[in-house]
Every structure is written in structure tokens, then in C-alpha cells.
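Undergrad: I would like the atomic coordinates for the input below:
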Amino acid sequence: MKNATRHVLMFLALSASSLLAKDPKQIFSEWDRDKDGKLTLEELPRNARPNFQRVDTNQDGSISLAEHENFLKRPRQPRKTRPLPEGIKPLLNLSYADTDNPRQTLDLFLPEKRKLGGPLPIIVYIHGGGWKNGRKESGIGKLGPYLKTGSFAAASINYRLSGEAIWPAQIHDCKAAIRWLKGNAEKYGFDAERMAVWGNSAGGHLVAMLGVSGEVKALEGKLGKHMDQDSRVSCVVDFCGPTHLLSMGKFPSNIDHDAANSPESQLIGGALQENKKAANKASPMTYVTKDDAPTIIVHGTEDPLVPFNQAKIFHEALTEAGVPNTFLPMKGMGHGLSGPVVDESVRKFLEAHLLGKK
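TA: Just a heads-up that it's a prediction; the model follows:
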């Protein structure tokens, strides 16, 4: 029941964020297939249907344009940020690109009581949100348990969203953040050579890209003051990340990935199948080589947003190239990943690669 509830909430969030990006009347017209000026439950996309009862305020069994517009304009509660564990020093909104853009900032978290002597390894979280939503504050839920041990430092980064700049701006930002962290490692007491990156969905795509593109100069960008640093990472935790954009539309999904308004198409600035070169340049599969970072791939077999195949083909490509990787298919899970099996697998992976535990 808890998993089902999570899936519904995820659909609601996805639906609302997608609607806000387009004109409400245009959306209404696209969904109103019989052009009768109202929307039935059957006319709504599957990921919007959980909202039906909430939008149909007069409960007449259909949604009018006025009800549709009122729903999109409703007041929204500010999102809550999870509290930090006790004993953690936060350094917030640090600019990594030497700009005043809040999308080019990171939060750094340092345990006040360190369990290990010497510089700590660091875990860097990159948020999801279809490259058009999301914020760095969402990372503390994943990072908190590791910070509490006193054995890890952590960071969570923002990056420019697709509504502001298209690819490769997102990976340029992520790499600038990694370089900034490496350039400031001694100052803050963490080890630049023991750095994991962890992301979910769009963040999974970006951490996968970091893992395979350490030597790809075309993706490096020229942001920030630390161009003397490289952007290689020690290991990658990829949750549900897209890895080959052109093949996403070939598998069942609640999203038409090939459509011009899909998150992937908005990322590269045009419909995927009409911009294949750009789509391949934005796909981690394009850059896999034998010297890539060790990776754990975790993906729900019933993911309704990013097809499970994206994990499978990435695992196969890494394995063929000789890259150490762990593939964890979560049977029956969707786009939200949680539970003891996931938590324990990620913990063992990070401890092995950052702490040297077997």
C-alpha cells in the first residue's frame, strides 16, 4: 500500500509540473479529444487521472476549462526541507561557477565529529525532476544517514534546468561543481580522490554521465575558477537514470519520450527522433569506455517514467567494456526506490569504494 501511495503522489507531482510548463488552454484543447468543451476521466493522460476528483469541483463527472485553470492556479504549500541530523555543519548556497545564478550553487555538509582520522570521503547528490524541476535541498534525505555516521562529508548541487538552458549546460554545471569541490577539498577537510556521485531519474542520468565522461573534453565546459581540476569521480550510484535517449520511446511508459514536449526533448532543444545527433551526445551510453567509474545501477522493473530497459542496456554496455558495475533490478518497483534491500546494497557499494570495506 505504501508503494502504491508513493506512485500516486509521484504521478500527481509529475502531472502538475508538466502542466505548469504549458498554456492551460492549450493543454485542455489537446486532451479534449471529442472537442465538447469538457474532459472526461478517459480523456486524461494516465499520469493525470489521479487528480480527476480534485479538479472536478462540482462533481458532475467531467472537468470544465474553468475547473482545469483553477486547479493549476491554486495556492501551493511551500515544500518542506528535511531537517539536518544533529552535529552536521551546513554551508549553503556556495557558488561553484563564479556566478550569482542560484541554479549554479551547492550545499556542503560536514560532520562536526569525525569518525575517521584525516580527510573524509564525500558523497555528492544530484537531484531529479526531468531536468526541468527539482532542487538541491531534496538531497538531504539520501545524504543524512551517511552524514550521521561521521565517516562521510556530503554535498548536494543545483544545475540549470532545461527551461533556462539546454544540453550540455546541465553536465557543464555538474562538472563545474565537481571541480569546485576538488579545488576546495583541502580547505574543508574532505578527500577529492574519494568522491561518489548519486542521483535519481534526471539526476541518475547526470551521475551516469559524470561516470563515463571523465576524459571527454567536449562535456567539460569552462565554468568556474577551478579548470586546473578534473571532473572524474570515484564511483556512481544511478537510480532510474535514462542512459540512451533515442530508445526510451520504444518501451512502455506514461510519457511519450519522442514527443517534442517530453522532458528529454526539452533537454536537448527539439524532438529526439528529429535531433538524433544531439540525443546521442546527451546519452551516457555514447561515452562508455573501460576506464569509467565503478557504478551501481538500481531500477524498478515497473518504472512508469524511465523504462527499465535503460538500466539493462547500460549494465550490459559497462560489463562489455570491463567497467565494474552492480545491477540491482527491483522487481515490481516503480520510479520511487526505497527499502532495506536498496539501502543495504547502496551502503555496501559506497563503503567498498570510499572506505575500502569488503
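
Undergrad: what's the helix or strand for residue 106?
TA: In the assignment (DSSP states H and E), residue 106 maps to strand 105-111.

Undergrad: can I get that strand in PDB, CA atoms only?
TA: Extracted C-alpha coordinates of strand 105-111, given in PDB (Å, rounded to 0.1, in the frame of the first residue of the first chain):
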ATOM      1  CA  THR A 105      25.200  26.700  -6.300                       C
ATOM      2  CA  LEU A 106      25.700  23.700  -4.000                       C
ATOM      3  CA  ASP A 107      25.200  22.900  -0.300                       C
ATOM      4  CA  LEU A 108      28.100  21.300   1.600                       C
ATOM      5  CA  PHE A 109      27.600  19.300   4.700                       C
ATOM      6  CA  LEU A 110      30.400  18.500   7.200                       C
ATOM      7  CA  PRO A 111      30.100  16.300  10.300                       C
END
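
Undergrad: low-confidence regions, the stretch 251-358 of the chain specifically.
TA: Along the stretch 251-358 of the chain, no part satisfies pLDDT under 70.

Undergrad: and the strands in the stretch 201-350 of the chain?
TA: 235-239, 295-300, 325-330 (DSSP state E, counting those that start in this stretch).

Undergrad: deepest in the core, which of those is it.
TA: Mean neighbour count, computed with mean count of other CB atoms under 10 Å, is highest for strand 235-239 among the strands of the stretch 201-350 of the chain, reaching a mean of 28. Placement of C-beta: from N, CA and C, glycine included.

Undergrad: neighbouring strands - and their directions - for it?
TA: strand 190-200 (parallel), strand 295-300 (parallel) (DSSP bridges).

Undergrad: same list (those) but as TSV, adding distance to residue 178.
TA: Listed next are these as TSV, based on distance: least, CB to CB, whole Å:
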stretch	distance to residue 178
strand 190-200	7
strand 295-300	16
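
Undergrad: so who does residue 28 touch?
TA: Counting by CB atoms under 8 Å, 6 or more residues apart in numbering, residue 28 touches 39, 65, 68, 69.

Undergrad: could you check the pLDDT of it?
TA: On pLDDT, residue 28 comes in at 86.

Undergrad: and the helix or strand where it lies, which residues are buried?
TA: Using DSSP H and E, residue 28 maps to helix 24-31. Buried residues in helix 24-31, counted by 16 or more other CB atoms under 10 Å: 24, 27, 28.

Undergrad: and for stretch 235-255?
TA: In stretch 235-255, counting by 16+ other CB under 10 Å, buried: 235-249, 253-255.

Undergrad: chain center to the strand holding residue 106: distance?
TA: 18 Å (CA atoms, centre = their mean, to the nearest Å).

Undergrad: quick one: contacts for the residue nearest to residue 194 when sequence neighbours are not counted?
TA: What sits nearest to residue 194 in space, not counting adjacent residues and going by CB to CB, 6 or more residues apart in numbering, is residue 121, at 3.6 Å. When contacts are counted by CB under 8 Å, 6+ apart, residue 121 touches 151, 152, 153, 190, 191, 194, 195, 196, 234, 354, 355.

Undergrad: which of the residues you listed lies at the shortest distance from residue 97?
TA: Residue 97 has its nearest neighbour among the contacts of residue 121 in residue 195, at 18.2 Å by CB to CB.

Undergrad: okay, the closest one: pLDDT?
TA: 98.

Undergrad: how close does it get to residue 203?
TA: Relative to residue 203, residue 195 is positioned 16 Å away (CB to CB, to the nearest Å).

Undergrad: looking at the two, which one has more neighbours?
TA: residue 203 (30 against 26; other CB atoms under 10 Å).

Undergrad: for the helix or strand encompassing residue 142, give the mean pLDDT please.
TA: When elements are assigned from DSSP H and E, residue 142 belongs to helix 140-148. Computed over helix 140-148, the mean pLDDT rounds to 95.

Undergrad: quick check: buried residues in it?
TA: For helix 140-148, the neighbour count (16+ other CB under 10 Å) marks 140, 142, 143, 144, 146, 147 as buried.

Undergrad: with adjacent residues omitted, what lies nearest to the first one?
TA: Closest residue to residue 140 in three dimensions, ignoring its sequence neighbours and counting by CB to CB, 6+ apart: residue 82, at 4.9 Å.

Undergrad: what does the fourth one give?
TA: Leaving aside its chain neighbours, residue 144 sits nearest to residue 85 (5.2 Å; criterion: CB to CB, 6+ apart).
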